[in-house]
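1. Below is the sequence, then the predicted model.
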Amino acid sequence: MSEQEVDERVAPWWQHGVVYQIYPRSFQDSNADGVGDLRGIIRRLDYVSDLGVDALWLSPFYPSPMADFGYDVADYCDVDPMFGTLSDFDELVTEAHRRGLRVIVDLVPNHTSDRHPWFVESRSSLDNPKRDWYVWRDGRSGGPPNNWLANFGGPSWTFDEHTGQWYLHLFLPEQPDLDWRNPSVRAAMFDVVRFWLQHQVDGFRVDVAHAIGKDPELRDNPPNPKGPRAHKLLGSYDTQLHVHDVNHPFAHEVYREFRALLDQWPDGQDRVIIGEMHLYNLERWAAYFGSGDEMHLPFNFGLLKVQWQPQAVAAHVEGVERTTAAGPGRWPTYVLGNHDEHRVASRVGAAQAPVAMMLLLTLRGTPCLYYGDELGHPDVDIPPELEQDPWGLRVPGFGLSRDPARTPMPWDRGPHGGFTDAAATPWLPMVDDPGTISVQAQEPDPGSMLTLTRQLLVLRRAHPALHSGSYRTLHADDAVLAYERAAGAERVVVVLNLSGVSRRIDLGAGGAAVLLSTRAKRIDQVTLAGLELDGNEGMVLLA
């Protein structure tokens, strides 16, 4: 067994599984109010199970004023009535487990809602016992305590007239930041983790995980002389290097304690911590594995940033391979879409979306698949009067609105795509063409994106080379990327044409069986020397 291969007999489920993200308000409405809910998800669990994924990740469903659509939590240990009840959640977990599906919930540790009882107490007086649960400071020269900027625009500080101090919020003013250096905060948040473990969840996706680590001296961030560092423009936020407001080494101490809590939970089940952090330096990203004692899977968003070009993709994957091989307990992850990003079918184009899906589901590591991407669902144009995302509304001119990627799931050709009752109004507009972009339309079609995704997931589960094997780049030019996945004697070759032009490449002597092509009709055998691919074609070969 090579160093890259894992023994599937002893590997935890998340190391060879696939995670499927569900945005609850957009998946299925069960009570005709135009908003998806937990009972709607229960209704669609057979679809998720049949898709072939291993776990659901549920975006926040907690009680919230919805200033940031649930990422402003007012109660960490309940369900917002919009989504149902705690009893509905328990039923969802039971039904998911009955189908062999794990359930991962979103944990939002950096900030609460300004209506959370903790913050209501904290801002009530300077001497309230919960005052130091949040980051409060006196101003500087008549202004905020430092120059930090919020992701949603403007300063990261808001002045509170009642107590005469400023409070920190890296996002909206309605999302005040908790102070994780306070032991009481840490104890309360780990009690939240215990609460959901008692409700049988299988893991946690940790929102902006690196943000809990802040410079204790609150030093100013330096200016950014080189322009945007992330994969998208962020307005004034891009004018600084964010070296003091996030990613302080202190955060690692917290995640070691978090990991120990999960590892020591008495039922002995394999549970997972998945961390969200947009760190494009691979060494900084990999630091969140710790020594195999912090996060199991820090999300890797590198494929969102690199150019959609074979050599660039190969260079990133090879960098991930080197970095994960350099320390214990490291395992790659890949993401091509989520609730914060434009949909992959709109970023790379509809013709390339099947190729992107083949890439995501055949690389070494744990992929996360965003609901609807299995249909090739594009972004939906949202008229200005229907826009709801605070990022787009508060940072105009940068195309930051996340609404186009959060629209309701189209299930059939009926009114509102089967998402909600015909008489209801979906909370965001639906895709224009449920005749082709819907589950009902694609299920019987052997050439559909849904059929391809299901076939890829079947192959991934059936072939150890794909879910547990090593990775090696075979070829990368200006159009075609080819790589080998191998486990023991099994060798699988993946060949992806990232261009719209037919190409011929040489992958050495011998023949190979065609396990799958993004084209519905292919021959059963090919020759690796002089292999021909159509434009926008991907192939999985058993060599």
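-> Great, that's in hand. No experiment lies behind these values; they were computed from the predicted model shown.
2. Shouldn't residue 50 be within a helix?
-> Yes. Residue 50: assigned to a helix according to DSSP: H, G, I helix; E, B strand; the rest coil.
3. ok, how many other residues are close to it?
-> For residue 50, the neighbour count with other Cβ atoms under 10 Å is 12. Where C-beta positions appear, they are placed from N, C-alpha and C, glycine not excepted.
4. Could you check the worst-scoring helix or strand of the chain on mean pLDDT and say which residues are buried?
-> Ranked by mean pLDDT, DSSP states H and E, the weakest helix or strand in the chain is helix 390-394, scoring a mean of 80. Across helix 390-394, burial judged by 16 or more other Cβ atoms under 10 Å covers 390, 391, 392.
5. Distance to residue 354 added to these, as CSV?
-> Formatted as CSV, the buried residues of helix 390-394 follow (distance: Cβ to Cβ, whole Å):
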residue, distance to residue 354
390, 33
391, 30
392, 29
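6. Residue 406 versus the most centrally placed residue in the chain, what's the distance?
-> For the chain, the residue nearest the mean C-alpha position is residue 338 (5.0 Å; Cα atoms, centre = their mean). For residue 338, the distance to residue 406 (Cβ to Cβ, to the nearest Å) stands at 10 Å.
7. Same question for residue 437.
-> Separation of residue 437 from residue 406 (Cβ to Cβ) stands at 15 Å.
8. picking up where we left off before, right, and the helix or strand after the least confident helix or strand of the chain?
-> Using DSSP states H and E, the helix or strand that follows helix 390-394 in sequence is helix 439-442.
9. which strands and helices sit next to that next one?
-> helix 449-462 (3 or more Cβ pairs under 8 Å, 6 or more residues apart in numbering; DSSP states H and E).
10. just checking, what packs against the helix it packs on?
-> Using 3+ Cβ pairs under 8 Å, 6+ apart, helix 449-462 sits against helix 45-51, helix 353-362, helix 439-442, helix 464-467, strand 511-517.
11. Just send the ones you listed back as a markdown table, with distance to residue 346 and mean pLDDT too.
-> Output for those, formatted as a markdown table (distance: least, Cβ to Cβ, whole Å; pLDDT from 0 to 100):
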| stretch | distance to residue 346 | mean pLDDT |
| --- | --- | --- |
| helix 45-51 | 21 | 98 |
| helix 353-362 | 9 | 98 |
| helix 439-442 | 18 | 97 |
| helix 464-467 | 27 | 97 |
| strand 511-517 | 24 | 95 |
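12. now these as CSV including distance to residue 535?
-> Listed next are the helices and strands packed on helix 449-462 as CSV, based on distance: least, Cβ to Cβ, whole Å:
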stretch, distance to residue 535
helix 45-51, 28
helix 353-362, 10
helix 439-442, 22
helix 464-467, 25
strand 511-517, 13
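13. and stretch 402-418, how far apart are its ends?
-> 23 Å (Cα to Cα, to the nearest Å).
14. Need the residue in the protein that's farthest from the chain's center.
-> The centre of the chain is farthest from one residue, residue 141, which by Cα atoms, centre = their mean lies 40.4 Å away.
15. measure that one to residue 214 for me?
-> In terms of Cβ to Cβ, residue 141 sits 21 Å off from residue 214.
16. where along the stretch 201-350 of the chain do the strands fall?
-> 203-206, 272-275, 297-298, 333-335 (DSSP state E, counting those that start in this stretch).
17. related to what we said a few turns ago, from residue 147, how far off is the residue farthest from the centre of the chain?
-> 11 Å.
18. How about residue 517?
-> In terms of Cβ to Cβ, residue 517 sits 54 Å off from residue 147.
19. Now residue 382. Nearest residue, chain neighbours left out?
-> residue 403 (4.6 Å; Cβ to Cβ, 6 or more residues apart in numbering).
20. hang on, I meant residue 481
-> Residue 481 sits nearest to residue 310 (Cβ to Cβ, 6+ apart), 3.7 Å away.
21. ok, the one you found touching residue 503?
-> No. Judged on Cβ atoms under 8 Å, residue 310 makes no contact with residue 503 at a distance of 10.3 Å.
22. Which residues are in contact with each of those two?
-> Residues touching both residue 310 and residue 503 by Cβ atoms under 8 Å, 6 or more residues apart in numbering: 479, 480.
23. between these two, which one's more packed in?
-> Neighbours were counted for residue 310 and for residue 503 using other Cβ under 10 Å; residue 310 has more, 21 against 18.
24. separation between that one and residue 441?
-> In terms of Cβ to Cβ, residue 310 sits 31 Å off from residue 441.
25. How about residue 522?
-> 23 Å.
26. And for residue 278?
-> 35 Å.
27. same question, residue 177
-> The value you get for residue 177 to residue 441, if Cβ to Cβ is used, is 45 Å.
28. just the strands in the stretch 1-150 of the chain please.
-> Counting by DSSP E, counting those that start in this stretch, the strands of the stretch 1-150 of the chain are 19-22, 55-58, 102-107, 136-137.
29. Pairing partners for the last one, with directions?
-> Right, strand 136-137. Applying DSSP bridges, strand 136-137 is found paired with strand 165-168 (antiparallel).
30. which residues are contacting the strand it pairs with?
-> Residues from elsewhere that reach strand 165-168 (Cβ under 8 Å, 6+ apart): 123, 126, 134-139, 144-145, 148, 156-160, 176-177, 214.
31. I'd like the strands of the stretch 1-150 of the chain as TSV, with mean pLDDT and distance to residue 224 appended.
-> Output for the strands of the stretch 1-150 of the chain, formatted as TSV (pLDDT from 0 to 100; distance: least, Cβ to Cβ, whole Å):
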stretch	mean pLDDT	distance to residue 224
strand 19-22	98	30
strand 55-58	98	32
strand 102-107	98	29
strand 136-137	98	24
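32. I'd guessed residue 361 sits against residue 18; true?
-> Yes. Assessed by Cβ under 8 Å, residue 361 is found in contact with residue 18 at 7.1 Å.
33. residue contacts, residue 195?
-> 76, 77.
34. May I have the predicted confidence score for it?
-> As summarised for this prediction, residue 195 has a pLDDT of 98.
35. Can you classify it by secondary structure?
-> Per three-state DSSP, residue 195 ends up helix.
36. Next: residue 475.
-> Three-state call for residue 475 (three-state DSSP): strand.
37. next one: the one 10 residues further on
-> The three-state assignment at residue 485 reads strand, by three-state DSSP.
38. For the stretch 101-250 of the chain, which segments count as helices?
-> Along the stretch 101-250 of the chain, the stretches classed as helices by DSSP state H, counting those that start in this stretch are 117-122, 183-198, 250-263.
39. Among these, which comes closest to residue 38?
-> For the helices of the stretch 101-250 of the chain, the distance to residue 38 is smallest for helix 183-198, at 14.2 Å, taking Cβ to Cβ.
40. Just give the closest residue to residue 441, not the sequence neighbours.
-> Spatial nearest neighbour of residue 441, excluding adjacent residues (Cβ to Cβ, 6+ apart): residue 435 at 5.9 Å.
41. Kindly report the domain assignment for the chain.
-> Per the record, the chain has its domains at 13-112+182-456, 117-168, 469-542, by automatic domain parsing.
42. what's residue 11 in contact with, if anything?
-> residue 468.
43. one step back: which among the strands of the stretch 201-350 of the chain is found nearest to residue 68?
-> strand 203-206 (15.8 Å).
44. Kindly format the C-alpha coordinates of that closest one as CSV.
-> Taking Å, rounded to 0.1, in the frame of the first residue of the first chain, the C-alpha atoms of strand 203-206 are listed here in CSV:
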residue,chain,number,x,y,z
GLY,A,203,-20.4,16.0,12.9
PHE,A,204,-20.1,19.7,12.6
ARG,A,205,-19.3,22.1,9.8
VAL,A,206,-17.7,25.1,11.6
